[in-house]
Structures are given as structure tokens and as C-alpha cells.
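> quick check, what structure comes out for this input:
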Amino acid sequence: MPYDIAQHFRQDLPAPAAARFGGFPRYNFVGGHNDASGVPVDAFVEAASKALTREGRTLATYGMESGPQGYRPLRTFVADMLGRRAGMSATADDVLVVSGSLQALDLVNAVLVGPGDTVVIEEATYGGAMTRLSRIGADWVGVPVDKDGMRTDALAETLDRLKSEGKRVKYIYTIPTIQNPTGTVMSLDRRKALLEVAETFDLPVFEDDCYADLTWADSRPPAIHALAEPGRVIYCGSFSKSIAPALRVGFIVADWPTLSQMMPLKTDGGTGALEQMVLAEFCSSKFDDHVVSMRSILKAKHDAIVEAVSQEFGTTAEIAPSEGGIFIWVTLPEEVDTSRLAAVAGAEGVAINPGAEWSADAASGRRRMRLCFANPSVEDLREGVAKLAEICHREFGVPTRGGNVIRS
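Here you go, the predicted model:
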């Protein structure tokens with residue numbers, strides 16, 4: 001008999017939720033996976049060879065002789081890129097390389113948030129942000145999102161109410177450029193209005209810009225960070241969506257008082273060195289062309305899944321086409337519970353993200369679902385959506401048979 005180590009587990013642990021990996025489902029519309037053909041493998045091989053030949057021996061020291069903020073050539077690229085693309089004024093010294101945007105979330109929360117605190121987020125938002133706040137013992141309150149992003153009129157009303165209730169609001173969290181999961185881009189006027197509200201209530205803003213390079217448009221609005229007074233906005237970005245999620249390399253841009261508090265809390269010994277070196281070498285000459293290519297690939301898949309959902313679900317599905325990125329946000333009739341749909345469909349090889357997991361108020365997301373279209377082929381997108389519609393009809397009677405939905 002194996003030793004029962006579970007008797008020594010901490011008593012406050014959550015129920016074990018991890019399962020052994022058995023491969024991806026046939027039709028995989030979950031997570032932040034990207035298009036496999038878009039990974040620049042040959043260019044990575046070349047970049048790795050050049051970087052290692054030139055300075056591979058710096059791997060002998062933590063920080064590669066660049067210090068604890070990360071590989072300096074990569075930080076320099078990030079600062080220059082954000083200046084060109086997002087209008088930000090930053091230097092390599094303002095950048096902290098992190099192990100994906102999830103570590104950025106953890107570090108921001110570690111510096112700003114404690115048990116009983118409140119964070120204001122978008123009504124539909126990144127599920128990982130809520131999960132991490134929950135682990136701290138913090139609360140969150142959602143603000144509605146429309147086509148121009150977080151509604152700043154509702155934000156001001158929410159902050160007024162929370163102030164009257166004596167709640168400690170620590171920051172405003174927003175995903176302004178390709179909002180996750182709605183796919184919207186916050187307008188310039190709305191960005192300015194959000195900063196006015198933040199100033200009125202004396203709050204910092206955490207700007208999560210992980211999808212900003214993948215707008216269908218050639219240009220994007222300036223980052224909120226670029227419009228704000230120094231120190232007001234903490235900015236994070238990532239190479240996970242623009243290049244490859246498994247690299248686990250992201251970055252925080254903030255002023256020194258903030259970074260100096262974060263860095264002692266980043267206790268991993270440094271983000272993977274080889275990944276940083278390869279990215280710096282690759283990005284210095286190939287990033288812009290790569291992003292243009294990725295946009296083209298993803299836009300074709302976006303259009304394919306929007307067409308498939310429209311064809312298979314008909315008018316029973318409300319779809320707001322995304323302005324970039326890798327997700328679409330779908331609203332179904334009231335009788336559909338997408339958490340139940342996800343469980344049934346998952347058992348039959350179709351994986352979806354139920355809306356409750358991406359909503360500040362789980363009840364409001366009950367009939368919504370997030371579909372990631374980046375990884376499956378166009379053929380699998382169409383086949384998977386058709387199968388999902390069949391399962392949804394069987395479980396909820398939605399969509400109805402006939403017309404241009406549910407093929408007989």
C-alpha cells in the first residue's frame with residue numbers, strides 16, 4: 001500500500017481539481033492556445049543559435065549579467081516596441097520580465113491587495129484575475145462593458161457606492177485593447193475618461209494589454225499608461241498571444257517605487273533565461289512582420305468561427321465579432337446554462353469556456369460562452385461548432401431544428 005501522505009496535507013486546501021493530462025479534446029475551444037503554424041520555429045532555431053553563440057556563457061549567473069529585472073536586450077526591445085505601438089514613454093529600467101501575465105497578476109496583487117480588499121473589474125473579464133483575487137480573500141465588483149470598453153459612467157457610480165459602503169478599493173483592472181472575453185477595443189475618449197475617474201477616486205489602474213498586438217486594424221489607441229501621470233498605471237503585456245503561449249514570458253511596466261516592491265516578491269530565481277534570449281534576438285528584427293502574419297491567420301479563423309456559429313445556431317446566438325485576438329463571446333437564450341453545456345460537450349470531445357467563469361457576476365454569464373478559435377483548423381472550427389450546436393439542441397432545445405440551423 002502506498003503511504004497516505006494526504007493525512008499531512010494542510011486542512012485549508014481546496015478540493016483537488018487537477019486531472020492527469022490525457023491529450024487535448026478533438027474540438028478544443030478553451031484556453032489561450034494559438035495557431036501552431038504561426039510559431040516561427042525556423043527563426044527561433046536561428047535566434048537561439050546566434051544568442052547562445054554570442055553570450056551563452058552568461059547563463060552561468062542568475063539574471064544573465066542583466067540583473068533581476070530580466071535580460072536587458074529584451075527589456076530594451078519591450079520599451080522601444082511600446083513606444084512605437086502604444087505611445088508609451090519607458091526605458092529598459094521601467095520593465096520587469098515575468099513568467100507570463102499570470103505572474104504579473106500575482107505580483108500586482110501581492111503589492112496592492114490583502115484579505116477583505118476590493119478590486120473593480122470589468123463585468124466580463126479574465127477568469128484568472130478573479131481566481132487570484134479569490135485566493136487572497138479579496139472581493140471584486142464588475143462594471144459593464146460596451147463596444148467602447150468599460151463604461152466609465154458606471155465605473156464612477158460603482159466607486160461612489162463602494163465608498164459609501166466603506167469598502168477598500170485597491171485598483172481598477174481593465175483589459176482595454178482586445179478585451180478578454182468580449183473582443184472590444186476601448187476608445188481613446190473612454191481611456192481618458194477612465195483616468196479622470198481614477199484620479200477623482202485616487203486609485204491606481206492595472207492595464208492588462210496582453211492581446212494588444214493582435215488588433216485587426218493596423219493601429220491601436222495609445223495605452224492608458226501613455227495617457228496617465230507617472231505612477232498611476234501599472235501595465236502588463238505578454239508574448240504568449242503574439243508569439244507562443246508556452247514560452248511563458250511577459251512583462252510589467254511601472255515606475256521604480258512599484259517595481260522595487262515587486263522584485264523581492266518575485267521569488268522564482270528569474271524567468272526562463274533561454275526564452276528571454278531567443279525572444280530578444282528574434283524580436284529585434286522579426287517581431288513586426290510576425291505580428292502582421294499572425295493577424296492574417298487569426299482573422300481568417302475568426303471569420304470562419306463567426307460564420308459557423310451564425311450558420312449552426314442561427315438567430316438564437318448573439319455574437320459580437322471581435323476586433324482582434326483569439327476569442328469570441330457568444331450569448332445564448334435564457335434557457336441555456338453553458339456550465340452544464342460545457343460539461344456535456346466536454347465529455348463528447350468539444351471543450352468550451354462557460355461564461356460564468358468569465359463574469360464578475362456568475363449568474364450574468366450563465367448563458368454565455370467564450371470560444372477560442374486560434375488553435376483548431378478551419379475545418380475543425382466548423383465541425384466542432386456544428387457538433388456543439390447538436391449537443392446544445394439535445395440538452396436545451398436550442399437552436400431549434402429547421403432553417404439554417406441543426407442539419408438533419
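
> report the mean per-residue pLDDT for the lengthiest helix in the chain.
In terms of residue count, the longest helix belonging to the chain (DSSP state H) is helix 273-313. The pLDDT scores in helix 273-313 average 97.

> repeat for stretch 337-356
Stretch 337-356 comes out at a mean pLDDT of 98.

> give me the contacts around it.
The contact list for stretch 337-356 (Cβ atoms under 8 Å, 6 or more residues apart in numbering) reads 24-31, 124, 127, 181, 329, 331-332, 357, 362-372, 384, 387-388, 391-392, 395-396. Every residue, glycine included, has its C-beta placed from N, CA and C.

> wait, what's in contact with Thr91?
Counting by Cβ under 8 Å, 6+ apart, the residues that Thr91 touches are Ala79.

> ugh, wrong one, I meant Pro245
Residues in contact with Pro245 (Cβ under 8 Å, 6+ apart) are Gly32, His33, Asn34.

> so the residue lying closest to the first one once chain neighbours are set aside versus Thr184, what's the distance?
For Gly32, the nearest residue in space outside its immediate sequence neighbours is Pro245; the separation is 5.5 Å by Cβ to Cβ, 6 or more residues apart in numbering. Summarising the geometry, the distance separating Pro245 from Thr184, computed by Cβ to Cβ, to the nearest Å, is 22 Å.

> ok, Arg370 next?
14 Å.

> strands of the stretch 51-200 of the chain, residue ranges please.
Assignment of strands within the stretch 51-200 of the chain using DSSP state E, counting those that start in this stretch yields the ranges 95-98, 118-122, 139-143, 145-146, 149-150, 169-174.

> so which of the ones you listed gets nearest Lys299?
Lys299 lies closest to strand 149-150 among the strands of the stretch 51-200 of the chain, at 20.8 Å (Cβ to Cβ).

> sheet-wise, list the partners of the closest one with their directions.
Strand pairing for strand 149-150, determined by DSSP bridges: strand 145-146 (antiparallel).

> check contacts around the closest residue to Gly149 other than its chain neighbours.
Nearest in space to Gly149, with sequence neighbours left out and distances taken as Cβ to Cβ, 6+ apart, is Met186 at 2.9 Å. Met186 makes contact with Asp148, Gly149, Met150, Thr174, Pro176, Thr177, Gln179, Leu194, Pro221, Ile224, according to Cβ under 8 Å, 6+ apart.

> want to throw the residues you listed into JSON lines with neighbour count?
Conversion of the contacts of Met186 to JSON lines gives the following (neighbours: other Cβ atoms under 10 Å):
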{"residue": "Asp148", "neighbour count": "17"}
{"residue": "Gly149", "neighbour count": "24"}
{"residue": "Met150", "neighbour count": "29"}
{"residue": "Thr174", "neighbour count": "28"}
{"residue": "Pro176", "neighbour count": "26"}
{"residue": "Thr177", "neighbour count": "29"}
{"residue": "Gln179", "neighbour count": "27"}
{"residue": "Leu194", "neighbour count": "27"}
{"residue": "Pro221", "neighbour count": "23"}
{"residue": "Ile224", "neighbour count": "27"}
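
> can you lay out those residues as JSON lines showing pLDDT and distance to Ser284?
As requested, these are exported to JSON lines (pLDDT from 0 to 100; distance: Cβ to Cβ, whole Å):
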{"residue": "Asp148", "pLDDT": "96", "distance to Ser284": "35"}
{"residue": "Gly149", "pLDDT": "95", "distance to Ser284": "32"}
{"residue": "Met150", "pLDDT": "97", "distance to Ser284": "34"}
{"residue": "Thr174", "pLDDT": "98", "distance to Ser284": "30"}
{"residue": "Pro176", "pLDDT": "98", "distance to Ser284": "27"}
{"residue": "Thr177", "pLDDT": "98", "distance to Ser284": "23"}
{"residue": "Gln179", "pLDDT": "97", "distance to Ser284": "30"}
{"residue": "Leu194", "pLDDT": "98", "distance to Ser284": "33"}
{"residue": "Pro221", "pLDDT": "97", "distance to Ser284": "26"}
{"residue": "Ile224", "pLDDT": "98", "distance to Ser284": "27"}
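
> out of the residues you listed, who's nearest Leu107?
Thr174 (17.4 Å).

> what's the closest non-adjacent residue to that closest one?
In space, Thr174 is closest to Met150, 5.4 Å off (Cβ to Cβ, 6+ apart).

> these two touch, right, the one you found and Arg191?
No. Counting by Cβ atoms under 8 Å, Met150 stays clear of Arg191, with 9.6 Å between them.

> now the common contact residues for those two.
Pro176.

> ok so, going back, the residue nearest to Thr174 pairs with what?
Assigned bridge partners for Met150, using DSSP bridges, are Val145.
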